[in-house]
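Student: Build me a structure from this.
(2 chains)
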Amino acid sequence: MLKKLTSKTSTSKSLKPMTLKYSPKYQLIAGARDTFPLIVGAIPFGIIFGTLAATAGLSFAATMGMSLFVFAGSAQFISISLVSVGTGWSIIVLTTFVVNLRHMLYGATMVPYYKNLSNLWKLVLAFGLTDETFAVAINRYYKDDGVPNKQYYNLGSMLFMYINWNICTFIGLIAGKAFPEIAGWGLDFAMPATFIGMVIPYLVSKPMWIAVIVAAVVSIFASELPHKLGLMAAAVSGVAAGIFSEVFLFASTSHEALEQEIKQSNTINLKDREGIEVAE
Amino acid sequence: MNINIDELFMIAGMAAVTFGIRYVMFPISGHVQFHPMFERSLGYVPPAVLSAIIVPSILMPTGEVNLNLTNPYLIGAAAACIVGWFYKNLLLTIVVSMLIFLASQWIL
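Tutor: I've put the predicted structure just below:
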């Protein structure tokens, strides 16, 4: 009697995690959960954005509007520094274009993973293709484990970033009015701190090291270029150095092996939640 | 408090170019064939882009290169690299390096 009951319980428990794991809801939550560390970094960054926007003379509605409709942390940050020195809107839009050009590379990377999605999905996911969500989602797409609904994982990451970014902008606006000295705390360090943590798992091969070092060196020497063009110059130089060294210097390191290593170093725990064994 | 017309143009323009850049590859992908080398090179995009953002914000926080050991951004970044490398834990990397950055900024 007891044995029968036990076996019945364990079957239902071992079936449930499978359907649960494959469900859109589970993927949505998993995407949000894996984005959590980046949220921790985005909180101070969002708050400092709201604070600085108020100090720069941007209206409350314009600051919230920027976080709601543009949703691009570094470009928003640069735009308020331009606003504070009285730059015209057309130059700010041009600078935004240059600073965000890197996202075209993100879009190109996502093409094979979005190709079977509806247009609505593409529109929504493209809107949320920030540095953070791209980095989290691409690691999930790279993991070739046959789990469907990865777009929901992508969406979960994006929604969490989006809601958090807007709440933090709002908090920053309010806090900036009450305590303007927050602007001098250096909370902007949260962004490079987060990004350093995101780059390290990629450093698994010589071409990757070369890509990162070249991008770093060029970013300093090209920083004088107008409209933040140095960022794009550095990114493209890094990518070119990486692929060049992969093909010509370290031909034995195949790209597949590289991706495999990245996947492993970023493995996200999606362990089945085993039912607790009932003692016999 | 109220938004003015210049701010409206700025936000509409920023939103349009940002979304346009993020979206443009999807509609054109069915019509153009990417070179295999281009596709392979995309694997280098995340670390190269992130490094290009990190390094100027750390080494030139005020617009000029500052390699002094009294640069709190440099100290915080060094902490992030060490913690990130040895623990491979993103959350720990962010929290520890933020604390070290804030402490060094307060002391120096």
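
Student: ok, whichever residue of the stretch 101-250 of chain A sits closest to chain B - contacts?
Tutor: Distances between the stretch 101-250 of chain A and chain B by C-beta to the nearest C-beta are smallest at A:G238, namely 3.1 Å. Backbone N, C-alpha and C define where each C-beta goes, glycine included. Neighbour list for A:G238: A:A211, A:V212, A:V214, A:A215, A:A216, A:V218, B:Y44, B:P47, B:A48, B:V49, B:S51, B:A52 [criterion: C-beta atoms under 8 Å, 6 or more residues apart in numbering or on different chains].

Student: helices or strands up against the worst-scoring helix or strand of chain B on mean pLDDT?
Tutor: For chain B, scoring each helix and strand by mean pLDDT, DSSP states H and E identifies helix B:36-41 as the least confident one, at a mean of 83. Packing contacts for helix B:36-41, counted by 3 or more C-beta pairs under 8 Å, 6 or more residues apart in numbering or on different chains; DSSP states H and E, involve helix A:229-244.

Student: still on that earlier bit, put together CSV for the contacts of A:G238, with secondary structure, distance to A:Y202 and pLDDT on each row.
Tutor: Formatted as CSV, the entries for these read as follows, by DSSP: H, G, I helix; E, B strand; the rest coil; distance: C-beta to C-beta, whole Å; pLDDT from 0 to 100:
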residue, secondary structure, distance to A:Y202, pLDDT
A:A211, helix, 8, 97
A:V212, helix, 7, 97
A:V214, helix, 14, 97
A:A215, helix, 11, 96
A:A216, helix, 13, 96
A:V218, helix, 17, 96
B:Y44, helix, 9, 90
B:P47, helix, 4, 90
B:A48, helix, 9, 91
B:V49, helix, 11, 87
B:S51, helix, 9, 93
B:A52, helix, 14, 90
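
Student: Only whichever of the residues you listed are buried, select them in ChimeraX.
Tutor: Typed into ChimeraX, the next command selects the buried ones out of these (criterion: 16 or more other C-beta atoms under 10 Å in any protein chain shown):
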select /A:211,212,214,215,216,218 /B:44,47,48,49,51,52
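
Student: So which residues of the stretch 51-200 of chain A form helices?
Tutor: In the stretch 51-200 of chain A, the segments counted as helices under DSSP state H, counting those that start in this stretch are A:60-69, A:73-84, A:89-100, A:102-114, A:119-127, A:131-142, A:150-178, A:190-199.

Student: wait, does the first one make contact with chain B?
Tutor: The reference is to helix A:60-69. Yes - under the criterion of C-beta under 8 Å from any C-beta of the partner chain, chain B is reached by helix A:60-69 at A:F60, A:A61, A:A62, A:G65, A:M66, A:F69.

Student: Filter the residues you listed down to the buried ones.
Tutor: By neighbour count, with 16+ other C-beta under 10 Å, the residues of helix A:60-69 next to chain B hold A:F60, A:A62, A:G65, A:M66 as buried.

Student: ok, A:G65 to B:Y44 distance?
Tutor: The spacing between A:G65 and B:Y44, counted by C-beta to C-beta, to the nearest Å, is 35 Å.

Student: buried stuff in stretch A:82-92?
Tutor: Burial within stretch A:82-92, assessed by neighbour count using 16+ other C-beta under 10 Å, is assigned to A:L82, A:V83, A:W89, A:I92.

Student: ditto for stretch B:60-73
Tutor: Of the residues in stretch B:60-73, those scored as buried under the neighbour-count criterion (16+ other C-beta under 10 Å) are B:M60, B:P61, B:N71, B:P72, B:Y73.
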